[in-house]
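*Asks:* Any chance you can model this:
(one chain, ligands or ions: 2)
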Amino acid sequence: MSNVLETPIEFLKGVGPQRGALLRSELEIHKYGDLLQLFPNRHIDRTRYYKINELVNSNAEVQVVGRIIHIKTVQMGKTKSRLVATFIDDTGEMELVWFQGHKWIRESLKLNTTYVVFGKINQYGATFSMAHPEMELLEEHKASLRSAMQPVYPSTEKLANKGISNRAVVKMMQQLFIETGTNFGETLPAYLLDELKLIPKNEALFNIHFPKSQDLLLKAQFRLKFEELFFIQLQLITKNLVRKHKIKGMPFTQVGETFNTFYTQHLPFPLTNAQKRVIKEIRNDLGSNAQMNRLLQGDVGSGKTIVALMSILLAKDNGYQSCLMAPTEILAIQHYNGIMELAKNSNLNIQLLTGSTKTADRKIIHEQLEEGQVDVLIGTHALLEDKVKFANLGLAVIDEQHKFGVEQRSKLWKKNDIPPHVLVMTATPIPRTLAMSLYGDLDISVIDELPAGRKPIQTVHRYDNNRLKVWKFLKDEIAKGRQVYIVYPLIQESEKMDYKDLMDGYESISRDFPLPQYALSIVHGKMKPADKEAEMKRFIEGKTQIMVATTVIEVGVNVPNASVMVIESAERFGLSQLHQLRGRVGRGAEQSYCILMTGHKLSQESKTRLETMCATNDGFEIAEVDLKLRGPGDIMGTQQSGVLNLQIADLVKDKDILQLARSYAIRLLKSDPAMEQPQHQTLKQIFFELSRKKNIWNYIS
Ligand code: ADP
Ligand code: MG
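*Replies:* Ligands and ions are numbered 1, 2, ... in the order given. Next up is the predicted model:
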């Protein structure tokens with residue numbers, strides 16, 4: 001690549017030290033190459049010139065050719081005034097207006113000289129006007145290198161205040177293309193350009209700034225987005241390959257007795273196609289020589305547990321122990337009960353270990369574990385303690401991924417000389433695009449199909465003043481034998497208020513649903529684990545009809561008879577949280593409902609969240625909306641607050657291009673893993689430059 005791109009920015013004609021310093025501090029533009037990569041946010045289509053009699057009050061930005069015949073200052077109140085110029089063409093007249101900078105503007109404007117003016121149209125009475133128009137002499141307009149489509153660059157307040165307007169940036173960019181001769185060198189192999197019909201790099205760079213047409217702009221964007229995502233994918237995939245190469249796994253070579261017997265005789269229900277596919281993917285991994293590191297995504301209720309169990313059976317068949325770790329005690333217990341039930345005919349020694357396991361029992365478990373008598377250990381963080389030693393841990397299943405950090409994953413790795421295979425299960429559907437971009441070190445399986453016969457949950461939004469009707473509905477459902485969750489928000493910052501809300505709510509619910517006809521459970525974070533447990537148990541056993549809770553029930557609990565989820569102050573929950581909560585119902589055969597309660601004051605964003613919840617049950621769709629509303633950083637939670645700092649591509653909008661880039665990157669690395677072929681030499685060079693300067697993790701701010 002030509003060295004000219006390394007030239008310090010202040011050397012560009014028209015920049016100089018002062019502007020150079022500003023560009024450095026405000027836009028991180030240090031060199032010619034950085035400026036070149038300052039891509040426009042949008043373009044203004046200036047392919048068309050309007051006549052004054054064609055103007056409409058559309059609020060659009062348009063350009064008009066004409067001349068000024070008169071300029072006057074109009075007083076507005078005591079201190080303010082505006083400058084008004086009468087601007088005409090051969091079809092009529094309009095006004096150009098300035099509220100600031102009168103003196104300078106007045107001096108520089110030329111009467112009876114043809115200008116191209118550009119700006120937003122306003123209408124006052126019969127007169128059209130344009131405030132603070134961009135003005136250019138027709139002569140200059142024609143002579144400028146600028147194409148018909150004008151770039152609008154990302155700018156900062158400070159830049160604009162210091163006189164680096166968009167126009168100034170445009171000028172710099174033009175200068176850059178002049179000085180460099182628009183000669184930057186191709187970065188992608190010719191066969192890729194051919195196959196994907198990508199325009200050459202030089203053409204793309206020119207047209208991204210100064211497109212000669214809409215069509216060329218689109219082609220330029222496509223080419224540059226593809227390139228950006230392609231190089232990221234090359235890095236991610238290489239990283240993944242290196243891991244697989246370096247970390248030897250324990251090959252589970254056989255599918256044996258335990259698995260086969262379960263599969264042929266004890267399956268409690270036919271597996272969905274998605275479950276079958278995922279089990280196959282896992283089996284392939286486990287049977288290979290590499291360590292499995294797989295993320296299993298599946299919406300709530302999609303049936304991840306049985307997939308976990310069948311992986312565990314494979315481990316058993318190959319003489320290995322497994323563990324299953326869940327983020328809360330309640331969940332761990334549910335898993336324990338669920339797996340015990342599923343595996344009741346499978347002759348497995350399954351143990352539960354949590355913070356509340358009694359010391360005496362704990363000791364026994366530790367011993368049996370080390371001696372290899374325990375096949376499956378299910379539990380919470382307690383599994384991570386140093387005292388917990390396995391004889392030969394072959395598989396670690398982690399449920400509800402987003403609650404565990406990367407360090408915890410790696411702690412599990414160290415439980416064995418050779419790291420065990422890892423299966424991470426998450427019910428937070430991370431949009432595939434994000435998952436592919438952020439979890440480059442994990443392979444991904446998706447259960448994208450719910451078991452047959454599930455009735456979609458009906459979701460409605462109700463205002464607080466309709467509470468009586470909602471309560472009536474709950475009573476009808478309870479009369480049919482159903483159970484109900486009523487959930488209150490618990491947000492750390494306002495914890496005190498939230499507990500007060502919860503307790504006030506609980507009291508009024510107790511009044512509206514009195515004993516002996518109704519029995520209530522309550523669970524919240526301040527209760528002792530044993531008390532929580534007891535309350536949950538009463539609800540699970542159907543001894544209470546209503547569970548009043550804070551979001552502690554968010555993860556995983558399974559009470560198929562619960563068919564109504566009421567979420568109080570629903571506007572305070574994020575989309576993925578709402579979806580998780582809703583997933584607590586709809587687990588049985590009955591029609592289930594989710595009722596989102598709010599007051600009348602709602603922000604636009606809250607409205608969008610509520611509407612989305614009412615419109616769809618699809619976790620992936622919801623995750624996409626969430627991604628748009630919040631940006632990728634928040635979705636991942638704080639521990640992985642990764643935002644990809646992409647230059648031009650957009651993970652949400654450009655997911656198709658991402659997919660394409662990924663498939664081509666995979667293909668390339670399959671055919672030429674070390675990028676040794678002649679046609680990959682440039683690519684290889686850029687790849688290493690990028691990896692050095694911008695390791696993939698640097699994309700994640
Ligand atoms: P999640 O993915 O949320 O962990 P679970 O594994 O808890 O889901 O499964 C949810 C419910 O669906 C359980 O009651 C389970 O028995 C049931 N289930 C799972 N797979 C199937 C299937 N293929 N057919 C019918 N029911 C299924
Ligand atoms: Mg689950």
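
*Asks:* Quick one: name the residues of the stretch 1-150 of the chain near ligand 1.
*Replies:* Within the stretch 1-150 of the chain, no position is near ligand 1 by CB under 6 Å from any ligand atom. The C-beta positions use only the backbone N, C-alpha and C, and glycine is treated the same way.

*Asks:* Would you map the helices across the stretch 1-150 of the chain?
*Replies:* 16-27, 32-36, 102-108, 138-143 (DSSP state H, counting those that start in this stretch).

*Asks:* Quick check: phi and psi on P419?
*Replies:* phi -60, psi 140 (degrees, to the nearest 10).

*Asks:* That one touches K246, doesn't it?
*Replies:* No - at 10.7 Å, P419 does not count as touching K246 under the criterion of CB atoms under 8 Å.

*Asks:* okay, these two: which has more neighbours?
*Replies:* Between P419 and K246, P419 has the larger neighbour count (other CB atoms under 10 Å), namely 21 against 9.

*Asks:* any idea how far the more buried one is from ligand 1?
*Replies:* 25 Å (CB to the nearest ligand atom, to the nearest Å).

*Asks:* Tell me the pLDDT of that residue.
*Replies:* Each residue has a pLDDT score; the one for P419 is 82.

*Asks:* Which residue is the nearest non-sequential neighbour of G298?
*Replies:* Spatial nearest neighbour of G298, excluding adjacent residues (CB to CB, 6 or more residues apart in numbering): I447 at 3.4 Å.

*Asks:* my guess is that neighbour meets K304, correct?
*Replies:* Yes - in this structure, I447 is within contact of K304 by CB under 8 Å, at 6.5 Å.

*Asks:* what ranges of the stretch 501-650 of the chain fall below the confidence cut-off?
*Replies:* By pLDDT under 70, the low-scoring segments of the stretch 501-650 of the chain are 552-557, 630-645.

*Asks:* now the helices for it?
*Replies:* 529-540, 575-582, 604-615, 619-630, 632-635.

*Asks:* In the stretch 301-450 of the chain, what residue comes closest to ligand 1?
*Replies:* G303 (2.8 Å; CB to the nearest ligand atom).

*Asks:* OK, contacts around that residue?
*Replies:* Each residue near G303 by CB atoms under 8 Å, 6 or more residues apart in numbering is listed here: L271, T272, Q275, I447, L450, P451.

*Asks:* which of these are close to ligand 1?
*Replies:* The residues of the contacts of G303 that also fall near ligand 1, by CB under 6 Å from any ligand atom, are L271, T272, Q275, P451.

*Asks:* quick one: which helix or strand includes the third one?
*Replies:* Okay, so that is Q275. Assigned by DSSP states H and E, Q275 belongs to helix 273-287.

*Asks:* and that helix, what does it pack onto?
*Replies:* strand 293-298, helix 304-317, strand 421-426, strand 443-447 (3 or more CB pairs under 8 Å, 6 or more residues apart in numbering; DSSP states H and E).

*Asks:* wait, L35 sits on L176?
*Replies:* Yes - between L35 and L176 there is a contact under CB under 8 Å: 5.7 Å.

*Asks:* follow-up on the earlier one: highest mean neighbour count out of the helices of the stretch 501-650 of the chain?
*Replies:* Neighbour counts (mean count of other CB atoms under 10 Å) averaged over each of the helices of the stretch 501-650 of the chain peak at helix 575-582, with a mean of 24.

*Asks:* can I get the CA coordinates of it in PDB?
*Replies:* Extracted in PDB, the C-alpha atoms of helix 575-582 (Å, rounded to 0.1, in the frame of the first residue of the first chain):
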ATOM      1  CA  LEU A 575     -36.700  -6.200  26.400                       C
ATOM      2  CA  SER A 576     -34.700  -9.300  27.100                       C
ATOM      3  CA  GLN A 577     -35.700  -9.300  30.700                       C
ATOM      4  CA  LEU A 578     -39.400  -9.100  29.700                       C
ATOM      5  CA  HIS A 579     -38.900 -11.900  27.300                       C
ATOM      6  CA  GLN A 580     -37.200 -14.000  30.000                       C
ATOM      7  CA  LEU A 581     -40.000 -13.400  32.400                       C
ATOM      8  CA  ARG A 582     -42.600 -14.200  29.900                       C
END
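
*Asks:* Establish whether that helix and ligand 1 are in contact.
*Replies:* No - using CB under 6 Å from any ligand atom, we find that helix 575-582 stays clear of ligand 1, coming within 9.9 Å at best.

*Asks:* What is that helix packed up against?
*Replies:* Counting contacts by 3+ CB pairs under 8 Å, 6+ apart, helix 575-582 packs against strand 562-567, strand 593-598, helix 604-615, helix 619-630.

*Asks:* Residues touching it, excluding its own?
*Replies:* Residues outside helix 575-582 that contact it (CB under 8 Å, 6+ apart): 300, 427-428, 457, 459, 485, 487, 551, 553-555, 565, 567, 570, 573, 594, 596, 609, 612-613, 617, 619, 622-623, 625-626, 629, 635.

*Asks:* give me that answer again for 6 Å
*Replies:* T428, I457, V487, E554, M565, I567, C594, R609, M613, G619, I622, D626 (CB atoms under 6 Å, 6 or more residues apart in numbering).

*Asks:* For the third one, which non-adjacent residue is closest in space?
*Replies:* Looking back up the chat, that one is V487. I567 (5.1 Å).

*Asks:* thought the one you found was touching L596?
*Replies:* Yes - with contact defined as CB atoms under 6 Å, I567 counts as touching L596 (5.3 Å).

*Asks:* could I get the contacts of helix 575-582 as a markdown table with distance to ligand 1?
*Replies:* Output for the contacts of helix 575-582, formatted as a markdown table (distance: CB to the nearest ligand atom, whole Å):
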| residue | distance to ligand 1 |
| --- | --- |
| T428 | 11 |
| I457 | 13 |
| V487 | 18 |
| E554 | 12 |
| M565 | 15 |
| I567 | 18 |
| C594 | 16 |
| R609 | 22 |
| M613 | 18 |
| G619 | 10 |
| I622 | 15 |
| D626 | 19 |
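
*Asks:* now those residues in JSON lines, with distance to S510?
*Replies:* Below are these laid out as JSON lines (distance: CB to CB, whole Å):
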{"residue": "T428", "distance to S510": "33"}
{"residue": "I457", "distance to S510": "27"}
{"residue": "V487", "distance to S510": "16"}
{"residue": "E554", "distance to S510": "23"}
{"residue": "M565", "distance to S510": "19"}
{"residue": "I567", "distance to S510": "19"}
{"residue": "C594", "distance to S510": "23"}
{"residue": "R609", "distance to S510": "30"}
{"residue": "M613", "distance to S510": "28"}
{"residue": "G619", "distance to S510": "34"}
{"residue": "I622", "distance to S510": "33"}
{"residue": "D626", "distance to S510": "35"}
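
*Asks:* right, and out of those residues, which lies closest to A143?
*Replies:* D626 (49.2 Å; CB to CB).

*Asks:* now the closest residue to the closest one other than its chain neighbours: how far from G453?
*Replies:* What sits nearest to D626 in space, not counting adjacent residues and going by CB to CB, 6+ apart, is L575, at 4.2 Å. Distance, L575 to G453, using CB to CB, to the nearest Å: 27 Å.

*Asks:* again with V152
*Replies:* As judged by CB to CB, V152 and G453 stand 53 Å apart.

*Asks:* For K51, grab the count of nearby residues.
*Replies:* Counted with other CB under 10 Å, the neighbours of K51 add up to 13.

*Asks:* Got the phi and psi for it?
*Replies:* The phi and psi values for K51, taken as degrees, to the nearest 10, are phi -90, psi 150.

*Asks:* isn't it right next to G92, touching?
*Replies:* No - here K51 lies out of contact with G92, judged by CB under 6 Å, at a distance of 7.7 Å.

*Asks:* the longest strand in the chain is where?
*Replies:* Longest strand of the chain, by residue count under DSSP state E: strand 61-76.

*Asks:* Quick one: low-confidence residue ranges for the stretch 351-500 of the chain.
*Replies:* For the stretch 351-500 of the chain, the ranges with pLDDT under 70 are 401-410, 413, 429-441, 491-493.
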